[in-house]
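Asks: sequence plus predicted model, see below.
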Amino acid sequence: MVSVVDAQREILLDPQGTNVWSGQTTQSLNSAAVTWSLAKQLYGRDGPYFVIPLSLIIGMVPTTIQWLIWRVRILPPTNHSAYPYSSCNQRWPKIGPIKVDNIMLPLIYMYSSWMSVGVNSTITTSIIVGLVSQLWLRKYHPGWYKKYNYILGGALDGGAQVMIFILSFAVFGASGVGKPFPAVRFTSYSLWSEVANSVLLQWAGNPATGNVDYCNGNGALD
């Protein structure tokens, strides 16, 4: 950690950071400590960020509606006590093909908030892995899912951490100067022309312009 801080000090102090190094988490904690010390002025009723504490109530509204939809039951006209609440007497057990009690709105809120800050292209990969695991493997290969899914999750997590460690020190400059993957110049010759065509081939993970995850839709990173 000391070598990382020493080698990447300027980048870690930069609020923008890079695709590899960022002091975003530490800086956000520092910013939170400063802003919440001025909670009355910033987050109070007359403050510029009153919507932040108000969002706790805003988030409760759709969650409460979902709970009410799940809670509404169809009860028989007599002997109610003999018919406990169950999925059999729910009025709306599903919304389309999705079970109401399988929708975790707080998790959706939390991960959606990650889309507004920092380098968040990893969320796409997480969604793809989750869909493959929970929709395809769980539905069409339940035996394999039950026996190996947790092992697969651990393998993906551990493998990613090992690769991050190796790339950080071997390529991204954790212990000193970074050594990015080089570009390769490809030169072609024609029998009918004396002019050689030269093309600089940039490695896909290290483009010459823009961001490495190719998220340049707003043009700010071009």
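Replies: Structure received. Everything numeric in this text was worked out from a predicted model, so none of it was measured.
Asks: mind listing what's buried in the helix ranked longest in the chain?
Replies: Longest helix in the chain, counting residues (DSSP state H): helix 142-170. Across helix 142-170, burial judged by 16 or more other CB atoms under 10 Å covers 145, 149, 168. Every residue, glycine included, has its C-beta placed from N, CA and C.
Asks: ok, now stretch 95-104?
Replies: In stretch 95-104, counting by 16+ other CB under 10 Å, buried: residue 100.
Asks: which residues touch it?
Replies: 66, 69, 70, 90, 92, 93, 94 (CB atoms under 8 Å, 6 or more residues apart in numbering).
Asks: those residues in strands, which ones?
Replies: Among the contacts of stretch 95-104, the subset assigned to strands under DSSP state E consists of residue 94.
Asks: got TSV for the contacts of stretch 95-104, with distance to residue 36 and pLDDT too?
Replies: Below are the contacts of stretch 95-104 laid out as TSV (distance: CB to CB, whole Å; pLDDT from 0 to 100):
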residue	distance to residue 36	pLDDT
66	30	87
69	35	84
70	35	82
90	42	66
92	40	76
93	42	77
94	41	79
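Asks: between the contacts of stretch 95-104, which is closest to residue 173?
Replies: residue 66 (47.1 Å; CB to CB).
Asks: so how far is the longest helix of the chain from its chain's centroid?
Replies: Relative to the chain's own centre, helix 142-170 is displaced by 17 Å; criterion: CA atoms, centre = their mean, to the nearest Å.
Asks: check stretch 8-25 too.
Replies: Relative to its chain's centre, stretch 8-25 lies at 18 Å (CA atoms, centre = their mean).
Asks: first to last residue in it, what's the distance?
Replies: End-to-end distance for stretch 8-25: 15 Å, by CA to CA, to the nearest Å.
Asks: check stretch 173-180 too.
Replies: For stretch 173-180, the first-to-last residue distance is 9 Å (CA to CA).
Asks: any weak-confidence spans in this structure?
Replies: For the chain, the stretches flagged by pLDDT under 70 are 15, 19, 73-90, 117-119, 182-222.
Asks: where along the chain do the helices fall?
Replies: With DSSP H as the criterion, the chain has helices at 2-7, 9-13, 24-37, 39-43, 51-71, 105-113, 122-131, 138-140, 142-170.
Asks: before we move on, back to that, now the contacts of stretch 95-104 as a markdown table including neighbour count and distance to residue 16?
Replies: Formatted as a markdown table, these follow (neighbours: other CB atoms under 10 Å; distance: CB to CB, whole Å):
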| residue | neighbour count | distance to residue 16 |
| --- | --- | --- |
| 66 | 16 | 38 |
| 69 | 16 | 43 |
| 70 | 18 | 43 |
| 90 | 18 | 49 |
| 92 | 12 | 47 |
| 93 | 14 | 48 |
| 94 | 12 | 45 |
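Asks: out of the contacts of stretch 95-104, the closest to residue 137 would be?
Replies: Distance to residue 137, by CB to CB, is smallest for residue 94 among these, at 21.9 Å.
Asks: any figure for the gap between the closest one and residue 69?
Replies: Here residue 94 is placed at a distance of 10 Å from residue 69 (CB to CB, to the nearest Å).
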